[in-house]
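Student: Let's see this in three dimensions:
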Amino acid sequence: MMKTSATVALISPSPLTQRSLLVHRYGAVGARPKAYLQAGLHADELPGLLVLHHLQTLLDKAEENNDIIGEIVIVPVANPIGLGQHLNGHLVGRFDFETGKNFNRDFPNLTTAVLEKITPQLTNSAPQNVQLIRDCLQTLLQTKTLETEPEGLKRALLRLSIDADYVLDLHCDGEAIVHLYVSKHHEAQGVQLGAQLGAKTILLEDNAGGDPFDEANAGIWWKLREQLPTSIPLPLACFATTIELRGQADVDETLARSDALNLFRYLQRCGLIAGHIEPLPTALCEPTPLEGTDVLKAPIAGVLAYHKTLGEYVHAGEVVADVVNITASSPEQARIPVISQTDGIIFARRLEKLVRPGESFCKIAGKHKLAHREYGKLLGNK
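Tutor: Predicted coordinates:
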């Protein structure tokens, strides 16, 4: 079992132009469990790229010692399209320049297509059903008609990940503490991973909307289970999560080495790598519902002046920041306070401090669902 590296060509967007994905594989193809890790789907979120660089060093050593048990797939740069998008010297990798669409939205939901093909073939064997569905998913992705390079990118990523037991998608926010987005169906797995990574916020999603990458992988299983008879055994065969590795400026060797080691230990804990398993660190938080996240928005155009710091616990009614109208004739009337509508921890903030009216700039994780959060559109500000 040797590490292999290969490239996956994407659709050519113009004559004499073609991008590709780099894929590293550890362990035997088809071995279980299988883990898939990628970084930079939002191409201007760079901490994960450095983390996977250090993780490969650890995996290379584990392979030399014959410690790889399952199959581990690493895509160190998940979005070469976005990585090439520069405007006036700035990397702009969250949205596709051509379509304006978020690179981590609108992944295909294959539930209906899978149901049409596999329902008559399902058995009383859970392992057989899982393999049948995984094979069907791969076939559907292989035969899917594509029109654009971003569509091809999404298909290529899913073909690498869709049959994995564990899918870890590495992102970051503007300014943030380590936090996770996890389906409510996988709360226990999210708590374990969060403890390993030292996360101080774990957000449980329930119909978050937007069809992001993590849900395209994990969601197929609970969506199928909701539509199939309860007599048909079908486990939730994939745990997928979005891991937010702090903020965009936190591209740091010490942090990256620590994060890589924690991911390595998590893979050990999941049975992919042999060796001594360290005790699980104490969890630093309890999960909170994504619907309980208060997303603060600017009432006017102005400069942000924070009263509270990142990672601080605030109470409902407290002023988190002022938006300062720098053109106001009177400084005493220039500040408009923005308050929290929940008790919770400030886990992410906008990196830029100049805001426009209606622009979101701060997120607070509360324990209770908020009436103003629109169900099914919870990722609108993610």
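
Student: so where do the strands sit in the stretch 51-200 of the chain?
Tutor: Using DSSP state E, counting those that start in this stretch, the strands of the stretch 51-200 of the chain run over 71-75, 86-87, 90-91, 166-173, 175-176, 179-183.

Student: and the first one, what's its mean pLDDT?
Tutor: Averaged across strand 71-75, pLDDT comes to 98.

Student: Contacts for it, please.
Tutor: Here strand 71-75 makes contact (Cβ atoms under 8 Å, 6 or more residues apart in numbering) with 21-39, 52, 55-56, 59, 157, 160-161, 164, 267, 272-273. (Glycine included, C-beta is placed from N, CA and C.)

Student: now the fifth one
Tutor: If you take Cβ under 8 Å, 6+ apart as the criterion, strand 175-176 is touched by 244, 246, 247, 248, 249, 310, 347, 348, 349, 350, 351.

Student: now the last one
Tutor: Outside strand 179-183, the residues that touch it by Cβ under 8 Å, 6+ apart are 173, 189-190, 193-194, 197, 199-206, 208, 214-215, 218-219, 222, 240-244, 287, 290, 347-348, 365, 382.

Student: Just put the contacts of strand 175-176 in CSV and tack on distance to residue 134, pLDDT and secondary structure.
Tutor: What follows is the contacts of strand 175-176, written out as CSV (distance: Cβ to Cβ, whole Å; pLDDT from 0 to 100; DSSP: H, G, I helix; E, B strand; the rest coil):
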residue, distance to residue 134, pLDDT, secondary structure
244, 28, 98, strand
246, 33, 98, strand
247, 36, 98, strand
248, 35, 97, coil
249, 39, 97, coil
310, 40, 98, coil
347, 34, 98, strand
348, 34, 98, strand
349, 39, 98, strand
350, 39, 96, coil
351, 39, 95, coil
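
Student: which one among the residues you listed gets closest to residue 177?
Tutor: residue 347 (5.4 Å; Cβ to Cβ).

Student: For the closest one, which non-adjacent residue is closest in space?
Tutor: Computed as Cβ to Cβ, 6 or more residues apart in numbering, the closest residue to residue 347 that is not its neighbour in sequence is residue 201, at 4.1 Å.

Student: which residues sit in contact with residue 38?
Tutor: Counting by Cβ under 8 Å, 6+ apart, residue 38 touches 48, 52, 74, 75, 76, 78, 157, 161, 168, 169, 170.

Student: Which members of the contacts of strand 179-183 are classed as buried?
Tutor: Neighbour counting with 16 or more other Cβ atoms under 10 Å marks 173, 189-190, 193-194, 197, 199-205, 208, 214-215, 218-219, 222, 240-244, 287, 290, 347-348, 365, 382 as buried within those.

Student: hang on, the earlier thing: between the contacts of residue 38, which is nearest residue 110?
Tutor: Checking those against residue 110 by Cβ to Cβ gives residue 161 as the nearest, at 12.9 Å.
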